[in-house]
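build me a structure from this.
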Amino acid sequence: MRYQIFLQNLLALYSVASTAQFQTGLSWYQDAYEFLDFLRATWYEFTTDPVPSHDVLAAVVSALSPNIAWRQNQRAAIQVVEAVAKGETPEKLNAPVYGRNVEKATRLLTGELDPRNDAETWPTAARGGPTKTRAFFQNIAGDWEPVTVDGHIMNAALNGARRVPLQSNAKKQRVTITRERTVARAIRTIARHADLKPAQVQAIVWTVYRDLSGRNIR
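Numbering: from 1, shown residues only. Model (predicted):
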């Protein structure tokens, strides 16, 4: 029953996407991947050490992402990459990033953590819990099959197009592993019918939800 409700609500949001919203969502993860090239150039500017791979940089971006907006996420990633390239400890970021996430991003850049080692880098997912940051890393790195399920996609699944909470009323819902799997299944169903990748459908729905809620959601 919950799956059908989630599918109905997510499909309602997907179906009302304007051309602009559709195109924004369609290219969102490609644009995010291209941002990694900017980070590589930032590293190259400050050190002659080997440039981090796209995987490492995608993991850095994802590690910094919890509870901040995308623009803040980008600024934080630039600052962390620049600091580590200079041999410095990242401090006083222009974004409200959790300290433990800055530490993880730093360890990824120094090679202490392997982004493809779930037990090291994405321990919650490795233990069978929610996989949001691991999926976000995979999507940014170019794998568009995993589904990134954050609190806003959870809200979208619960509310649909007609009951989107506005502004300060739009509190993010807790994402449990059961809810996450159900939302991911619904997103994959829409993607199969639309002949798109699941990450593209997720980004389209996320964009519509953002615009309908009238907020700069994270």
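
in the helix or strand hosting Leu10, what counts as buried?
Per DSSP states H and E, Leu10 falls inside helix 2-15. Neighbour counts over helix 2-15 (16 or more other CB atoms under 10 Å) mark 6-7, 9-14 as buried. The way it works is simple: take the backbone N, C-alpha and C, and place the C-beta from them, glycine included.

and the helix or strand following that helix, what does it pack onto?
Scanning forward in sequence from helix 2-15 by DSSP H and E, the next helix or strand is helix 19-46. Counting by 3 or more CB pairs under 8 Å, 6 or more residues apart in numbering; DSSP states H and E, the packing neighbours recorded for helix 19-46 are helix 54-64, helix 70-85, helix 132-140, helix 198-213.

ok, which of these comes nearest Arg179?
Among these, helix 132-140 comes nearest to Arg179, with 11.4 Å by CB to CB.

what is the next helix or strand after the closest one packed up against?
Sequence-wise, the next helix or strand downstream of helix 132-140 (DSSP H and E) is helix 151-159. Where contact means 3+ CB pairs under 8 Å, 6+ apart, helix 151-159 is packed against helix 2-15, helix 177-194, helix 198-213.

among these, which is the most enclosed?
Highest mean neighbour count of the helices and strands packed on helix 151-159: helix 198-213, a mean of 24 (counted as mean count of other CB atoms under 10 Å).

list the contacts of stretch 118-137.
With contacts defined as CB atoms under 8 Å, 6 or more residues apart in numbering, stretch 118-137 is touched by 58-59, 61-63, 65-66, 104, 108, 113-115, 146-150, 175-177, 180.

hmm, 7 Å instead?
Here stretch 118-137 makes contact (CB atoms under 7 Å, 6 or more residues apart in numbering) with 58-59, 62-63, 65-66, 113-115, 146-150, 175, 177, 180.

how near is the most centrally placed residue in the chain to Asp150?
For the chain, Phe136 is the residue whose C-alpha lies nearest the centre (CA atoms, centre = their mean; 4.0 Å). According to CB to CB, to the nearest Å, Phe136 and Asp150 sit 8 Å apart.

cool, Thr176 as well?
13 Å.

try Val80
Remark: distance between Val80 and Asp150 (CB to CB) = 21 Å.

picking that back up, among the helices and strands packed on helix 151-159, which is nearest Leu39?
When these are compared by CB to CB, helix 198-213 sits nearest Leu39, at 19.8 Å.
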